[in-house]
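>>> Give the three-dimensional model of this entry:
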Amino acid sequence: MNPTLRITGRSSSHFTRLVRVFAEELGVACEFVPVYDLASLDPRDYAGNPALKLPVLTQGDASVFGAENICRVLAESAPERRRIVWPEDACDVRARNAQELVWHAMQAQVQLGFGTQIAKLPADSVYFVKAAAGLRNALEWLDERVQPVVDALPPRDLSMLEASLFCLIEHLAFRPTIPLAPYGRLTAFAREFGKRASAGNTAYRFDVPPGCDGQGDGGR
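The predicted model follows:
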């Protein structure tokens, strides 16, 4: 028998949620191992990832680092072949730009959340001010174009763009850094994608260590 696939990550992380959505959509059973302390500097706490980042997929002695890499391995492990639109399958330059901006916005959300809410660094630092401005600009661009971009994607069961965009928008509601109110088209898109079983089965929450009654600190 093949060793169990294991996702190491955080239930409050949009990158972790992305891979869990893919696992659900593809019918790939995975064990989930939460990481409770993002301040740890020990790679062993990140399933051996030397960059100290999540998520990580492990199977036996093999490890896969990074959300997109993991999603591709999950697709290869799926019991049935599914039609997946990967970033390189998007012929429309708007879709390519949209994916780039989603990745940027997800990383900016990590930067703002970890820096100001967990590390308690001053939010008025130019480092965070610029990150917030770039995040707002990216969301504005995506909000103006989301429907035609999604409509132009090839026939599919799942796309990296839609899944990652959904995880981003829901994370901005779960772990607020900037208001979502100005981006009505994006929130409407997230509501529609959120009807999928994979979305309902991977809802954001704070992982609480065994024996603790309080909430975790969130983070990514």
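>>> can you give me the strands in the protein?
Here the chain has its strands, by DSSP state E, at 5-9, 31-34, 56-59, 62-65, 84-85, 158-159.
>>> just checking, what's the longest helix in this protein?
Counting residues, the longest helix found in the chain (DSSP state H) is helix 126-151.
>>> what packs against it?
helix 93-112, helix 160-174, helix 184-193 (3 or more Cβ pairs under 8 Å, 6 or more residues apart in numbering; DSSP states H and E). (Each C-beta comes from the backbone N, C-alpha and C, glycine too.)
>>> Only the buried residues of the shortest one, if you could.
Read it as helix 184-193. Across helix 184-193, burial judged by 16 or more other Cβ atoms under 10 Å covers 186-187, 189-190, 193.
>>> Give me whichever of the helices and strands packed on helix 126-151 is most buried.
helix 160-174 (a mean of 23; mean count of other Cβ atoms under 10 Å).
>>> just the angle between it and helix 93-112, please?
Interaxial angle of helix 160-174 relative to helix 93-112 (axes from the mean of the first three to the mean of the last three Cα atoms, to 10 degrees): 30 degrees.
>>> Give me the distance from helix 160-174 to the chain's centre.
7 Å (Cα atoms, centre = their mean, to the nearest Å).
>>> How about stretch 115-135?
Distance, stretch centre to chain centre, for stretch 115-135: 20 Å (Cα atoms, centre = their mean).
>>> distance between the ends of it?
End-to-end distance for stretch 115-135: 15 Å, by Cα to Cα, to the nearest Å.
>>> How about stretch 22-41?
Stretch 22-41 has an end-to-end distance of 28 Å (Cα to Cα).
>>> before we move on, back to that, average pLDDT for the longest helix of the chain, rounded please.
Mean per-residue pLDDT for helix 126-151: 97.
>>> rewinding a little: make JSON lines out of the strands of the chain and add mean pLDDT.
Converted to JSON lines, the strands of the chain look like this (pLDDT from 0 to 100):
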{"stretch": "strand 5-9", "mean pLDDT": "97"}
{"stretch": "strand 31-34", "mean pLDDT": "97"}
{"stretch": "strand 56-59", "mean pLDDT": "96"}
{"stretch": "strand 62-65", "mean pLDDT": "97"}
{"stretch": "strand 84-85", "mean pLDDT": "98"}
{"stretch": "strand 158-159", "mean pLDDT": "98"}
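>>> Please convert the ones you listed to JSON lines, extending it with distance to residue 211 and mean neighbour count.
Below are those laid out as JSON lines (distance: least, Cβ to Cβ, whole Å; neighbours: other Cβ atoms under 10 Å):
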{"stretch": "strand 5-9", "distance to residue 211": "20", "mean neighbour count": "21"}
{"stretch": "strand 31-34", "distance to residue 211": "14", "mean neighbour count": "15"}
{"stretch": "strand 56-59", "distance to residue 211": "25", "mean neighbour count": "21"}
{"stretch": "strand 62-65", "distance to residue 211": "28", "mean neighbour count": "16"}
{"stretch": "strand 84-85", "distance to residue 211": "40", "mean neighbour count": "20"}
{"stretch": "strand 158-159", "distance to residue 211": "38", "mean neighbour count": "20"}
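>>> To residue 150, which of those lies closest?
Smallest distance to residue 150 across the strands of the chain (Cβ to Cβ): 8.2 Å, for strand 158-159.
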